[in-house]
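Chemist: Mind looking at a prediction? Sequence and model below.
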Amino acid sequence: MPDTPFQYFSNLATKALLYEVSLSPKPGLVDRFDDGAHRDMTFSTFIDSTMALAPFFEKYISLGYQMADEPPLALFNALRDLGIKAEQAMFEATGGINTHKGVNFSLAVLLGATGAYLKKHLKLLKNPKRFSEDDTKVICQISSSLCCHLIETDLSHLSEKKELTYGEKLYLDYGIKGPRGEASEGFPTLTEKALPFFRKKLERSDKELAQLQLLLYLMTFVEDGNIIHRGGIEAWRQVKVECQKMYGAYLTKSELVHQLSIYNDILISRNLSPGGTADLLALTFYFAMLEGIL
């Protein structure tokens, strides 16, 4: 199997992460202008992390391709093992800073599903620019088959654990499932909300404006575990209300940039960072690039 077709898809995943960190201004998040509400990471940290993860993206796709005919759970376990190695490479590159742990999990699943899909659709290996919206939907459905067991296996016995991650605490306290929930349900935020929204905006707006509008749109509803972890459930609800108000103002590009800059200062003062939104932003960029609209 030639390397180039897999590299085409994996390079877009790398590019999606670079697009996400480069989009500016992003309230509370690291971007080209500042470090948002983060004291332990910078724009350069995200570049280092992205480059450390990049070699694994092609491996995720290759693994999915090789194991396309095996049981979904077998492929998931193989992807999880490989994902742990990717995570270790990320931490080595960043000096122990968690820049991309959540999105690495999601990309492992989605790229593994992409590889499995390519095995049965060889025409896309020969001409990947024929990738369509329908292909996106099926890949996300494959992701669900890989992850449908996760809520039961990972989150059903938390009361017996002595030490919980903050993601596990969010599930116990508020029922928020995070990336596991998205993956187990086939990434509905992507297929039903983010991508339909982004496709329409790209038809009417320039690409940078469409990306900023997508960011703000996601902040109006995404169950953002990072915000809740930093500020509590009420802080997250307040952010949603404030973003809904900003989104409903129908701002021009210059107005939106100005308002996002002001809101960035507000979230920094509250020590809030919508990292869950950032991950979904990157995943949306990945599929938009595959579909040839970004």
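Modeler: Received, thanks.

Chemist: Which residue, neighbours along the chain excluded, lies closest to Leu212?
Modeler: Once flanking residues are discounted, Leu212 sits nearest to Leu256: 5.6 Å by CB to CB, 6 or more residues apart in numbering. Bear in mind the C-beta positions are built from the backbone N, C-alpha and C, glycine included.

Chemist: show me what contacts the one you found?
Modeler: Leu209, Leu212, Gln213, Leu216 (CB atoms under 8 Å, 6 or more residues apart in numbering).

Chemist: Now do the same for Leu272: helix, strand or coil?
Modeler: coil (DSSP: H, G, I helix; E, B strand; the rest coil).

Chemist: any idea how far it lies from Leu283?
Modeler: 21 Å (CB to CB, to the nearest Å).

Chemist: try Lys101
Modeler: Counting by CB to CB, the gap from Lys101 to Leu283 is 14 Å.

Chemist: So for those two, which sits in the more crowded spot?
Modeler: Leu283 (26 against 17; other CB atoms under 10 Å).

Chemist: Please identify the buried residues of the strand or helix carrying that one?
Modeler: Assigned by DSSP states H and E, Leu283 belongs to helix 275-290. For helix 275-290, a neighbour-count test (16 or more other CB atoms under 10 Å) marks 275-290 as buried.

Chemist: just checking, Lys126 touches Pro5?
Modeler: Yes. Taking contacts as CB atoms under 8 Å, Lys126 lies within contact range of Pro5: 7.5 Å.

Chemist: More neighbours: which of those two?
Modeler: Pro5 (18 against 8).

Chemist: can you pull the contacts of the more buried one?
Modeler: So Pro5 contacts Leu118, Leu125, Lys126, Pro128 (CB under 8 Å, 6+ apart).

Chemist: so who does the first one touch?
Modeler: This points to Leu118. Pro5, Phe9, Ile61, Gly64, Tyr65, Leu124, Leu125.

Chemist: Return the subset of those residues lying in helices.
Modeler: Within these, residues falling in helices by DSSP state H are Pro5, Phe9, Ile61, Gly64, Tyr65, Leu124, Leu125.

Chemist: From Asp40, how far out is the second one?
Modeler: Using CB to CB, we find Phe9 at a distance of 31 Å from Asp40.

Chemist: Residue ranges in the stretch 51-200 of the chain under the pLDDT threshold?
Modeler: Across the stretch 51-200 of the chain, the ranges flagged by pLDDT under 70 are 154-162, 164, 166-167, 172.

Chemist: So Phe9 and Asp40 - more neighbours on which side?
Modeler: The neighbour comparison of Phe9 against Asp40 (other CB under 10 Å) goes to Phe9, with 23 against 12.

Chemist: ok, now which ones touch the more buried one?
Modeler: Contacts of Phe9 (CB under 8 Å, 6+ apart): Phe57, Glu58, Ile61, Leu111, Thr114, Leu118, Pro128, Leu290.
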